[in-house]
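> Quick one: sequence and predicted model below, then my questions.
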Amino acid sequence: MTHSMTGFATLAGALGPHSWSWELRAVNGKGLDLRVRVPDWIPSLEVELRKALAAGIARGNVTLGLRVIREEAGGGLSVNTAQLTTVLDALGQIETAAMDAGVSLAPSKATDIVTMRGVLEQSVPEDDNAALAAALVTQFDSVLRDFNAMRAVEGAALVRVMQSQLDEITVLVAEAADLAQARSAQAAETLKRNLARVMDGVDGIEPERIAAELAMIAVKSDITEEIDRLRAHVDAARTLLAVDGPVGRKLDFLMQEFNREANTLCAKAQSSDLTRVGLALKAVIDQLREQVQNVE
């Protein structure tokens, strides 16, 4: 299946006090360029995400963003028994010393004791970042799957457009072949008449020299090879579009070969009709090349 290099996907999730949102997007690129922005306090997350991206995407400028929010929640209250024992011992010593000195103290209340530093503590729950990382890596499979599904839909649309353009090229190549055949017969008659006039006024020209010149003229005007190569390139392009996997680089190279043959055909045209077809070929090939730039 052919994929487009452009794509977009978002997804949200939550685990315990944490909630998050993903955003994955990509645009055209010559190779695979990954930009990953994730919280650095989550262990090994970026490494795992880069591995998943490299395995699921072959080409394009890819940007992955992850935003994680932690809900602030107060922990429970607990008594620090060690500190409480220390405080009670100190209160006992104070009361004993006061009695020995004949000083009367008011009875201690529990509310007074709990307000003393360190007796009552508020516990803060510890985050399990490893579990959070595992949940994020697991969910990212869905993000990447949605992303590639969108790229596949766009890729299918690209294939339909490119197949239509290949159909246009096929029609133009067939027209060029017919024009070349008609031109060949006409050119041969014209060449014979011109050669007869030359031969009437020139003596001593070697037949071998004449044959060589005629052969060179024929080679310079013959577009049979260009027609054959263009047809082969169309077949190769259709084969690549049916491949399940990245084919953008190969198609891009094939576009160069298409252009080379179309340019040569125009150079050898020697007729307005054939030149017209050659220019039309170049225009469709250029449109096809623009679509190929989007293929992974």
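That came through fine. Here the structure is a predicted model, which is why all the values come from computation and not from measurement.
> okay, now Leu241: neighbour count?
18 (other Cβ atoms under 10 Å). Every residue, glycine included, has its C-beta placed from N, CA and C.
> what pLDDT does the closest residue to it other than its chain neighbours get?
Nearest residue to Leu241, sequence neighbours excluded (Cβ to Cβ, 6 or more residues apart in numbering): Val159, at 5.3 Å. In this prediction, Val159 carries a pLDDT score of 97.
> Can you name every helix or strand that the helix or strand harbouring Val159 contacts?
According to DSSP states H and E, Val159 maps onto helix 129-201. Packing partners of helix 129-201 (3 or more Cβ pairs under 8 Å, 6 or more residues apart in numbering; DSSP states H and E): strand 7-15, strand 18-27, helix 45-56, helix 207-221, helix 224-241, helix 272-292.
> Out of these, which is closest to Leu91?
strand 18-27 (43.3 Å; Cβ to Cβ).
> Strand partners (parallel or antiparallel) of the helix or strand just after the closest one?
Counting by DSSP H and E, the next helix or strand C-terminal to strand 18-27 is strand 32-37. Here strand 32-37 has these sheet partners by DSSP bridges: strand 60-70 (parallel).
> lowest-confidence stretch among the helices and strands packed on helix 129-201?
Looking at the helices and strands packed on helix 129-201, the bottom one is helix 207-221 with a mean of 56.
> on that earlier part again, with distance to Asn263 added, can I get the helices and strands packed on helix 129-201 in TSV?
Below are the helices and strands packed on helix 129-201 laid out as TSV (distance: least, Cβ to Cβ, whole Å):
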stretch	distance to Asn263
strand 7-15	35
strand 18-27	30
helix 45-56	38
helix 207-221	15
helix 224-241	9
helix 272-292	7
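> For Gln293, give its distance to Ala152.
18 Å (Cβ to Cβ, to the nearest Å).
> what about the two, which has more around it?
Ala152 (16 against 13).
> Need the pLDDT of the one residue sitting closest to the centre of the chain.
When Cα atoms, centre = their mean is applied to the chain, the residue found nearest the centroid is Gly60 (3.0 Å). Gly60 carries a pLDDT value of 96.
> same deal with the one 10 residues further on?
In this model, Arg70 is scored at 88, pLDDT.
> cool, and Val38?
Reported pLDDT for Val38: 95.
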